[in-house]
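S.K.: my questions concern the predicted model and sequence given below.
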Amino acid sequence: MHIVTLLTSPADPKLAQALVDSLRNAWGGSEARWLAMNEAAEFAVEAVPGNFWEVWGDLQGMGVDMAVQPEAGRRKKMLLADMDSTMIRQECIDELAEEAGVGAHVKEITARAMNGELDFEGALIERVGLLKDLPEGVIGKVLEERIELTPGGRELLATMRSNGAYAALVSGGFTAFTAKVAAVLGFDENRANTLSVEGGVLTGEVGRPILGREAKVQALEEISARLGIEEADVMAVGDGANDLGMLGRAGSGVALHAKPSVAAQCDLRVNFGDLTALLYLQGYPKSDFAG
């Protein structure tokens, strides 16, 4: 059996019962189960509908996300999450660049790198180089004034962890940011790159080896092996090209508000929901959310 999940934005819930019932009837699905009224519902089907992606495209025009997954093993034992534009709404390096007066230039490079148009490592080295001589104290200022958590993150972490799951934050960004975000949200561990600092200012160098696409896959392999779980037991979430490796390897790889070129390579795409969508995809009703 497979489960079809329908989602919409919690900030503007507009999932109509008539729509859910229409799809369920057309696909011979089971009785619908509402995970949150007007926001998320699911029903079972025997096989993936042949016109799934055609219908998915129509629903996107209505502000509705849809996913289909095997029923078995939906609830995951581990969350592996990207940070920038995933667990937080910003790209940390772009915000540092704004403080350094090179925001527009760095933002353009970031966008191209996340869309897979540039080599991630080379683009990171170039961008960090532009931050040379920025006072280290600016990091704290950016964390305090510019960084916002993505809605639903606290509920996602608290609910999965209260159900026994492990949570790891893996970022191509910087430890100065992941340490704070991980602590606030309740991640069990975090991995990221290191900004070199001397005499209280950034040197324009990033520590080696650089954590990029392959390092995220390595984190998936290492942590799942350490926990004694299968990669199929992992839910990964990200938005950029450097996340594609872990998204493809994890049992559930969710492209969250992802770049079009990234989303096109993922079967689980969330364009309207927030991070609680990852709970609905696992079958958690809103009444069971923690946090």
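M.R.: That came in fine, so what should we check first?
S.K.: look up how far Ile109 lies from the residue nearest to Val106 when sequence neighbours are not counted.
M.R.: With sequence-adjacent residues excluded and distances taken as C-beta to C-beta, 6 or more residues apart in numbering, Val106 is closest to Ala97, at 3.5 Å. Where you see a C-beta, it was placed from the backbone N, CA and C, and this is true even at glycine. Using C-beta to C-beta, to the nearest Å, Ala97 is found at 9 Å from Ile109.
S.K.: list residues touching both of those two?
M.R.: Arg127 (C-beta atoms under 8 Å, 6 or more residues apart in numbering).
S.K.: who are the neighbours in contact with the closest residue to Val48 other than its chain neighbours?
M.R.: Leaving aside its chain neighbours, Val48 sits nearest to Val68 (5.3 Å; criterion: C-beta to C-beta, 6+ apart). Counting by C-beta under 8 Å, 6+ apart, Val68 makes contact with His2, Ile3, Val4, Thr5, Val45, Val48, Pro49, Phe52.
S.K.: what is the burial count for Thr5?
M.R.: Thr5 has 23 neighbours, counted by other C-beta atoms under 10 Å.
S.K.: same thing with Ala111?
M.R.: Ala111: 15 neighbours (other C-beta under 10 Å).
S.K.: swap in Asn115?
M.R.: Counted with other C-beta under 10 Å, residues neighbouring Asn115 total 15.
S.K.: also His257?
M.R.: Neighbours of His257 using other C-beta under 10 Å come to 16.
S.K.: i'd like the first residue to be 608 from this point on
M.R.: Noted, 608 is the first residue going forward, which turns the last one into His864.
S.K.: possible to save the contacts of Val675 as a markdown table with pLDDT, distance to Lys866 and secondary structure?
M.R.: Listed next are the contacts of Val675 as a markdown table, based on pLDDT from 0 to 100; distance: C-beta to C-beta, whole Å; DSSP: H, G, I helix; E, B strand; the rest coil:
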| residue | pLDDT | distance to Lys866 | secondary structure |
| --- | --- | --- | --- |
| His609 | 98 | 27 | strand |
| Ile610 | 98 | 27 | strand |
| Val611 | 98 | 25 | strand |
| Thr612 | 98 | 22 | strand |
| Val652 | 98 | 30 | strand |
| Val655 | 96 | 25 | coil |
| Pro656 | 96 | 27 | coil |
| Phe659 | 98 | 22 | helix |
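S.K.: from the residues you listed, pick the one nearest His712.
M.R.: Distances from His712 to the contacts of Val675, taken as C-beta to C-beta, are shortest for Thr612 (40.3 Å).
S.K.: which ones are touching the closest one?
M.R.: Contacts of Thr612 (C-beta under 8 Å, 6+ apart): Leu642, Ala647, Ala648, Glu649, Met673, Ala674, Val675, Gln676, Tyr887, Leu888.
S.K.: mind telling me what element Leu686 is part of?
M.R.: Using DSSP states H and E, Leu686 sits in strand 685-688.
S.K.: and that strand, what does it pack onto?
M.R.: Applying 3 or more C-beta pairs under 8 Å, 6 or more residues apart in numbering; DSSP states H and E, we find strand 685-688 packed against helix 760-769, strand 773-781, helix 820-834, strand 841-845.
S.K.: return the most buried member of these.
M.R.: strand 841-845 (a mean of 29; mean count of other C-beta atoms under 10 Å).
S.K.: quick check: pLDDT value at the most far-flung residue of the chain relative to its centre.
M.R.: In the chain, Gly806 marks the outermost C-alpha relative to the chain mean, sitting 35.1 Å out by C-alpha atoms, centre = their mean. Looking at Gly806, its pLDDT is 96.
S.K.: distance of it from Asp740?
M.R.: 10 Å.
S.K.: before we move on, what about Phe794?
M.R.: In terms of C-beta to C-beta, Phe794 sits 31 Å off from Asp740.
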